[in-house]
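**Q** here's my sequence, what's the structure:
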Amino acid sequence: MSARTIQLKHPRRLFIGGEWVAPSTEETFEVLDCSTEEVVATVAKASSADMQRAVAAAREAFDTGPWPRLSPQERAAYLERFAQRLEERNDDFARVWSTETGIVYKVAQPRIGLFISGAFRQYAAMASTFAFEEEHRAVTGNQAYRVFEPVGVVAEIIPWNGPAGLMAYKTAPALLAGCTVVVKSPPEAPCSAYMFAEICEEIGLPPGVINVVTADRDVSEELVRHPGVDKITFTGSTAAGRRIASIAGDRVARVTLELGGKSPAIVLDDYDIETAARTLGESYFGYNTGQICHSLTRVIVPRDKHDLMVQALSDVAGKIVLGDPFEVETTSGPLASARQRDTVDRFVAKGVAEGALLATGGRRPPHIKRGFFFEPTVFGNVDNRSAIAQEEIFGPVLSVIPVNDEADAIRVANDTPFGLNAAVFTNDRERAMRAARQLRSGTVGHNGPRTDFSIGFGGFKQSGIGREGGIEGLVAFMESKTIVMA
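**A** Just a heads-up that it's a prediction; the model follows:
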């Protein structure tokens with residue numbers, strides 16, 4: 001076992017119906033430290049029978065339990081207690097995130113609280129500001145009301161790259177809405193979900209309101225198919241999202257899908273190339289090694305500045321310190337798994353085969369013998385129709401794409417099946433706003449990567465359906481009902 005073994009109270013059990021229950025089989029998942037490839041935790045593997053039990057517990061808690069019948073203010077009190085415990089355990093969550101996925105600890109430690117405790121506090125506050133009941137006057141003159149009621153039992157399918165934060169932005173609004181939840185945590189990174197379950201027990205959340213299991217894809221699909229599940233909220237790949245949407249559509253289940261991205265960063269002709277390169281390279285290579293769905297991976301520049309940008313990004317990549325995420329000097333950690341490292345390897349080979357210029361990186365670092373590391377990589381002269389420009393790589397690979405002018409830049413930026421995030425680099429704020437309004441993207445940042453879940457997050461096109469965070473993230477877990485009085 002690694003010296004950084006993750007301490008969980010009940011790793012070989014499942015949290016169902018407010019209790020830590022024994023799984024139906026003795027099968028387990030081994031969780032690896034992605035820096036050392038050593039086992040740091042072993043957790044129970046949920047079977048079909050376990051998933052059925054979790055849905056039944058959530059169903060009973062919704063249909064007959066107190067949770068949906070509490071007032072929003074009463075539910076918010078639980079959210080506040082949840083937030084307090086999350087804040088107290090902030091460091092535990094940060095360390096687990098670094099160990100499981102490779103994000104540098106000094107980046108994870110201050111950032112994770114913005115997501116997990118911040119989400120619970122934001123939605124607790126909405127109990128007093130959101131209009132759960134509105135009075136109207138019908139066109140006939142009758143008194144009428146619009147009320148918001150919980151959608152029901154929610155299945156949360158959590159990704160491995162940022163499990164705690166994404167779980168928080170699904171769970172907090174679902175709880176405030178009055179829903180009950182089955183959390184399906186990822187086998188590669190299940191420990192945050194276990195810690196969430198521990199907090200549920202500590203704060204006395206009513207039985208069955210949150211249930212936590214870890215399962216493979218086949219059992220996850222059963223969860224999506226289950227008639228007792230009213231809504232699925234999923235973050236992950238577009239391919240998996242298509243599958244979930246088709247299954248949910250067959251029984252008209254509600255879905256929120258936050259899927260892949262191939263996000264553009266447009267650097268206009270009035271902006272300093274080296275400044276843009278530092279902003280893009282340091283944030284991209286240094287934040288979870290590019291394992292972020294909204295990463296700005298396509299750098300679109302005027303043709304006459306292409307070579308300068310390639311060189312500037314290569315210089316930034318050359319200064320990145322790969323290593324153990326917990327070491328102070330490290331600025332970029334490993335990828336989360338051998339499978340993800342191999343995926344990045346294959347895409348680099350595709351890029352070379354398609355004729356792009358491999359300016360730097362493109363290999364496993366020869367001086368690091370253990371862990372799932374990959375060098376920061378920059379491609380130049382990338383054709384926007386190539387695989388490395390069109391497909392999500394989820395690793396430390398940037399593509400520089402030359403264009404003729406601003407109109408061409410916007411055309412190329414939109415020439416993708418995705419539309420999750422984007423950025424416009426210019427010293428002219430009005431020009432930035434004009435360009436942003438032309439981009440088919442759920443978020444656009446000015447002079448850097450700037451997303452904000454507290455306002456709302458989600459994508460256009462194949463980057464998903466619906467929004468998480470903000471008021472839209474709450475409404476997504478409710479049904480609107482009109483009541484017209486006699």
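**Q** downstream of the strand or helix carrying Ile266, the next helix or strand is which one?
**A** Here Ile266, judged by DSSP states H and E, is contained in strand 263-267. The helix or strand immediately downstream of strand 263-267 is helix 273-286, counting by DSSP H and E.
**Q** circling back: how big is the angle separating the strand holding Ile266 from helix 273-286?
**A** Interaxial angle, strand 263-267 versus helix 273-286 (axes from the mean of the first three to the mean of the last three Cα atoms, to 10 degrees): 160 degrees.
**Q** what are the pairing partners of strand 263-267, and which direction each?
**A** Paired neighbours of strand 263-267 in the sheet (DSSP bridges): strand 296-302 (parallel), strand 421-425 (parallel).
**Q** tell me which residues of the longest one are tucked away?
**A** Of the residues in strand 296-302, those scored as buried under the neighbour-count criterion (16 or more other Cβ atoms under 10 Å) are Leu296, Thr297, Arg298, Val299, Ile300, Val301, Pro302. Placement of C-beta: from N, CA and C, glycine included.
**Q** got those residues as JSON lines, with distance to Val31 and pLDDT columns?
**A** Formatted as JSON lines, the buried residues of strand 296-302 follow (distance: Cβ to Cβ, whole Å; pLDDT from 0 to 100):
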{"residue": "Leu296", "distance to Val31": "30", "pLDDT": "98"}
{"residue": "Thr297", "distance to Val31": "28", "pLDDT": "98"}
{"residue": "Arg298", "distance to Val31": "33", "pLDDT": "98"}
{"residue": "Val299", "distance to Val31": "34", "pLDDT": "98"}
{"residue": "Ile300", "distance to Val31": "38", "pLDDT": "98"}
{"residue": "Val301", "distance to Val31": "41", "pLDDT": "98"}
{"residue": "Pro302", "distance to Val31": "46", "pLDDT": "98"}
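**Q** of these, closest to Ala155?
**A** Closest approach between the buried residues of strand 296-302 and Ala155, by Cβ to Cβ: Thr297, at 29.6 Å.
**Q** I figured that closest one hits Gly281, correct?
**A** No. When contacts are counted by Cβ atoms under 8 Å, Thr297 is not listed as touching Gly281 (11.6 Å).
**Q** intersection of neighbour lists for the two?
**A** Leu398 (Cβ atoms under 8 Å, 6 or more residues apart in numbering).
**Q** residues near the closest residue to Thr214 other than its chain neighbours, how many?
**A** Distances taken as Cβ to Cβ, 6 or more residues apart in numbering put Pro190 closest to Thr214, at 4.3 Å, once the chain neighbours are dropped. Look at Pro190: counted by other Cβ atoms under 10 Å, it has 30 neighbours.
**Q** try the one 4 residues further on
**A** Close neighbours of Tyr194, defined as other Cβ under 10 Å, add up to 25.
**Q** so how far is Val183 from it?
**A** 10 Å (Cβ to Cβ, to the nearest Å).
**Q** which residues sit in contact with the residue nearest to Thr214?
**A** Pro190 touches Phe29, Val31, Ala41, Val43, Pro163, Thr214, counting by Cβ under 8 Å, 6+ apart.
**Q** and it, how far is that from Tyr287?
**A** 22 Å.
**Q** ok, now Ser192?
**A** Distance from Ser192 to Tyr287, by Cβ to Cβ: 18 Å.
**Q** neighbour-wise, which of the two wins?
**A** Ser192 (27 against 18).
**Q** the more buried one: what secondary structure?
**A** helix (DSSP: H, G, I helix; E, B strand; the rest coil).
**Q** pLDDT score for the nearest residue to it once chain neighbours are set aside?
**A** Spatial nearest neighbour of Ser192, excluding adjacent residues (Cβ to Cβ, 6+ apart): Ala164 at 3.9 Å. Confidence at Ala164, expressed as pLDDT, is 97.
**Q** count residues in the vicinity of Ala164, would you?
**A** Count around Ala164 with other Cβ under 10 Å applied: 26.
**Q** what do you get for the one 5 residues further on?
**A** Each residue near Tyr169 was counted by other Cβ under 10 Å, and the total is 27.
**Q** let me see the contact set for it.
**A** Contacts of Tyr169 (Cβ under 8 Å, 6+ apart): Phe115, Ala119, Phe453, Phe457, Glu468, Gly469, Gly473.
**Q** hang on, it in a helix?
**A** Yes. Tyr169 forms part of a helix when assessed by three-state DSSP.
**Q** rebuild the buried residues of strand 296-302 as TSV, extending it with distance to Ala277.
**A** Below are the buried residues of strand 296-302 laid out as TSV (distance: Cβ to Cβ, whole Å):
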residue	distance to Ala277
Leu296	12
Thr297	14
Arg298	14
Val299	8
Ile300	13
Val301	10
Pro302	14
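**Q** and the helices in the stretch 101-250 of the chain?
**A** Ranges of helices in the stretch 101-250 of the chain, per DSSP state H, counting those that start in this stretch, are 105-129, 163-177, 191-202, 217-225, 238-250.
**Q** list the buried ones in the first one?
**A** I take that to be helix 105-129. Residues 105-109, 111-113, 115-124, 126-127 are the ones in helix 105-129 that count as buried (16+ other Cβ under 10 Å).
**Q** again, but for the last one
**A** For helix 238-250, burial by neighbour count (16+ other Cβ under 10 Å) applies to Thr238, Ala240, Gly241, Arg243, Ile244, Ala245, Ala248.
**Q** now, which of these sits nearest Gln438?
**A** For the buried residues of helix 238-250, the closest approach to Gln438 (Cβ to Cβ) belongs to Thr238, at 23.1 Å.
**Q** any idea which element Arg59 lies in?
**A** Using DSSP H and E, Arg59 falls in helix 48-63.
**Q** so for that helix, what gets flagged as buried?
**A** Under 16+ other Cβ under 10 Å, the buried positions of helix 48-63 are 50-62.
**Q** same thing with stretch 259-270?
**A** Leu259, Gly260, Gly261, Lys262, Ser263, Pro264, Ala265, Ile266, Val267, Leu268.
**Q** report the two of those residues separated the most.
**A** So for those, where distance means Cβ to Cβ, the most widely separated pair is Leu259 and Leu268, at 28.2 Å.
**Q** thought Phe457 was touching Ser463?
**A** No. With contact defined as Cβ under 8 Å, Phe457 does not count as touching Ser463 (10.4 Å).
**Q** which residues do those two both contact?
**A** With Cβ under 8 Å, 6+ apart, Phe457 and Ser463 have common neighbours Glu258, Gly442.
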